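**Student:** Generate coordinates for the sequence data below:
(one chain, ligands or ions: 1)
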Amino acid sequence: MTTLNPFKIAQEQLDAAAQRLGLDSATHELLRWPQKELIVTIPIQMDDGKVRVFHGYRVQYNYARGPAKGGLRWHPEETIDTVRALAAWMTWKTAVVDIPLGGGKGGVTCNPKEMSETEKQRLARGYIRAVASMLSVTKDVPAPDVYTTPQIMAWMMDEYETLVGEHHPGVITGKPIPLGGSEGRGDATARGGIYVTREAAKVLGIDLREKTMAIQGFGNAGQHAALLGHELLGLKLVAVSDSRGGIYNPKGMDVKQAVDYKLRTGRLEGFPGAESISNEELLQLDVTVLFPSALENTITSSNAGKIRCKISCELANGPTTPEADDILYQNGVFVLPDFLANAGGVTVSYFEQVQNTYNFYWPLDEVHRRLDEKMTRAFHGVYQLYLKEKVTMRQAAYLVSVARVAEACKLRGWV
Ligand code: GLU
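**Tutor:** Sure, this is the predicted structure:
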């Protein structure tokens, strides 16, 4: 893990867009900072009877276009600055797919891998009690992110509804389906990434059938990218890694077996018929599509020059640093930037909220159709600007999003 500060990176990316758009200094300054943030301590009784104090965060980066929206990450290295960066990226994410929401993010510094189910439930409920004043269907709506699950969302929704004494399923998304979750939310992040990869391949003139993919990070997004990359695009999985290391077979691996193995054993090493490979080696493979699907700062100035994929579809948030972006651009790697590529998750979260509001639920094919429409339209909007402005795809996406958020701030009379 590097010491690069993701919030500084997010500000730097915004600065470049603000300059190119000729934003006035007040609007630029407003967009450089979160509108509201809350830092809390959460005392939790652990199973051994001792109390542990956890540190939690909720950041509402910008809510000019609608209620703040964004996930909750439970990670040992969570800090206020990672949450701020992720909240900023949520703001650009909801804007690029043009859904009427702002951007927010939350987190708790903890290691869920070392916690029991009862400890996780107490932490979920404790977190909601601590930040409840920030939340509501019309103010700020959390969702899952790294190491948080539909079950955790269910406990959180229950705690919130207990506090307010009413049903408000739309206060949190990514819930289990019996509690008001949406069909299709489970694989939505990866599915959105697969739709934009399909569109990218069309404009680049690449036939993806039987071509290769490598996946770095094998959580929710990575696993579904493997399954859907194969099912919808005909891609062959040649390498996959998790935080402990990876596996490689140049002839291709059975994606269902790889996912089952990971779910059953919690790891990839030892998967039959594959040799081991490091995360670093995986990133440098000569594949058609690379899916960085883990954490931020994976592709940096020290390895970007060695990346050989044709398309990098960023399912993780913040996997590429600005210096690395320039190198990839010069080397002709087509980057589908994170807040476009992984916007499928929040898009179906938005659909979930709409369904909760109407208390009327859509079938899976309707969710898929609407998601495809949103992602395809967002891709082509960004791609047109990429061609016109001759900038990176990330810069083009920033131009689209920042202009939309700036316009909303101006129309409200804030700046
Ligand atoms: N955590 C996901 C993201 O980074 C989803 C957020 C949401 O559904 O609100 O986009």
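**Student:** What count of nearby residues applies to the residue lying closest to Gly184 once chain neighbours are set aside?
**Tutor:** Leaving aside its sequence neighbours, Gly184 sits nearest to Val367 (CB to CB, 6 or more residues apart in numbering; 3.7 Å). For every residue, glycine as well, the C-beta is placed using N, CA and C. Neighbours of Val367 under the rule other CB atoms under 10 Å: 22.
**Student:** Surely Val367 touches Ser182?
**Tutor:** Yes - using CB atoms under 8 Å, Val367 makes contact with Ser182 at a distance of 6.2 Å.
**Student:** Arg185 is in contact with Asn356, correct?
**Tutor:** No - using CB under 8 Å, Asn356 is not in contact with Arg185, being 11.8 Å away.
**Student:** Need the residues touching each of Val367 and Ser182.
**Tutor:** Val348, Phe351 (CB atoms under 8 Å, 6 or more residues apart in numbering).
**Student:** Show the contacting residues for the residue of the stretch 201-350 of the chain found nearest the ligand.
**Tutor:** Proximity to the ligand, evaluated over the stretch 201-350 of the chain using CB to the nearest ligand atom, is greatest for Ser349 at 3.2 Å. Ser349 is in contact with Lys69, Val141, Ala143, Thr173, Gly174, Ser182, Arg185, Ala188, counting by CB under 8 Å, 6+ apart.
**Student:** can you narrow the residues you listed to ones near the ligand?
**Tutor:** The subset of the contacts of Ser349 within reach of the ligand, by CB under 6 Å from any ligand atom, is Lys69, Ala143, Thr173, Gly174.
**Student:** Filter those down to just the ones in strands.
**Tutor:** Lys69, Ala143 (DSSP state E).
**Student:** What subset of the ones next to the ligand among the contacts of Ser349 is buried?
**Tutor:** Buried subset of the ones next to the ligand among the contacts of Ser349 (neighbour count, 16 or more other CB atoms under 10 Å): Lys69, Ala143, Thr173, Gly174.
**Student:** what lines up beside whichever strand or helix holds Arg58 in the sheet?
**Tutor:** Arg58 is located in strand 51-62, with elements delineated by DSSP states H and E. When pairing is defined by DSSP bridges, strand 51-62 lines up against strand 36-45 (antiparallel), strand 103-109 (antiparallel).
**Student:** chain center to the shortest one, what's the gap?
**Tutor:** In other words, strand 103-109. 12 Å (CA atoms, centre = their mean, to the nearest Å).
**Student:** Can I get stretch 240-253 in CSV? Just the C-alpha atoms.
**Tutor:** C-alpha atoms of stretch 240-253 as CSV (Å, rounded to 0.1, in the frame of the first residue of the first chain):
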residue,chain,number,x,y,z
VAL,A,240,-7.2,-13.3,-11.2
SER,A,241,-5.8,-12.1,-7.9
ASP,A,242,-7.0,-11.2,-4.4
SER,A,243,-5.1,-9.4,-1.6
ARG,A,244,-2.9,-12.6,-1.0
GLY,A,245,-1.8,-13.1,-4.6
GLY,A,246,-3.2,-14.6,-7.8
ILE,A,247,-3.5,-17.5,-10.2
TYR,A,248,-2.7,-17.7,-13.9
ASN,A,249,-3.5,-20.0,-16.8
PRO,A,250,-2.8,-18.6,-20.3
LYS,A,251,-5.3,-21.1,-21.8
GLY,A,252,-8.2,-19.8,-19.7
MET,A,253,-9.9,-20.9,-16.5
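**Student:** as a whole number, average confidence for it?
**Tutor:** For stretch 240-253, mean pLDDT rounds to 95.
**Student:** List the buried residues of it.
**Tutor:** Per 16+ other CB under 10 Å, stretch 240-253 contains these buried residues: Val240, Ser241, Asp242, Gly246, Ile247, Tyr248, Asn249, Met253.
**Student:** Return the subset of these lying in strands.
**Tutor:** Going by DSSP E, the strands hold Val240, Ser241, Asp242, Gly246, Ile247, Tyr248, Asn249, Met253 from these.
**Student:** how about the residues you listed, which pair is most distant?
**Tutor:** Asp242 and Asn249 (16.0 Å; CB to CB).
**Student:** just for this structure, where's the confidence low?
**Tutor:** 1-3 (pLDDT under 70).
**Student:** Using the three-state scheme, assign whichever residue of it sits closest to the ligand.
**Tutor:** Closest approach between the chain and the ligand, counting by CB to the nearest ligand atom: Gly71, at 2.6 Å. Secondary structure state of Gly71, per DSSP: H, G, I helix; E, B strand; the rest coil, is strand.
**Student:** and Ile277, what does it touch?
**Tutor:** Ala239, Ser241, Gly245, Gly246, Ile247, Tyr248.
**Student:** The same query, at a cut-off of 6 Å, please.
**Tutor:** Contact analysis of Ile277 by CB atoms under 6 Å, 6 or more residues apart in numbering lists Ala239, Gly246, Tyr248.
**Student:** for Val346, same thing?
**Tutor:** Here Val346 is in contact with Lys93 (CB under 6 Å, 6+ apart).
**Student:** again, only this time at 8 Å
**Tutor:** Lys69, Gly70, Met90, Lys93, Thr94, Val97, Ile99, Leu101, Ala143 are the contacts of Val346 under CB under 8 Å, 6+ apart.
**Student:** can you give me the strands in the stretch 301-415 of the chain?
**Tutor:** Listed in chain order, the strands of the stretch 301-415 of the chain (DSSP state E, counting those that start in this stretch) span 311-313, 334-336.
**Student:** Against which helices or strands is the first one packed?
**Tutor:** Packing contacts for strand 311-313, counted by 3 or more CB pairs under 8 Å, 6 or more residues apart in numbering; DSSP states H and E, involve helix 188-204, strand 289-292, strand 334-336.
**Student:** can you list the residues of the stretch 51-200 of the chain near the ligand?
**Tutor:** Residues of the stretch 51-200 of the chain lying close to the ligand by CB under 6 Å from any ligand atom are Lys69, Gly70, Gly71, Lys93, Ala143, Asp145, Thr173, Gly174.
**Student:** Closest to Arg412 out of those?
**Tutor:** The nearest member of those to Arg412, counting by CB to CB, is Lys69 at 17.7 Å.
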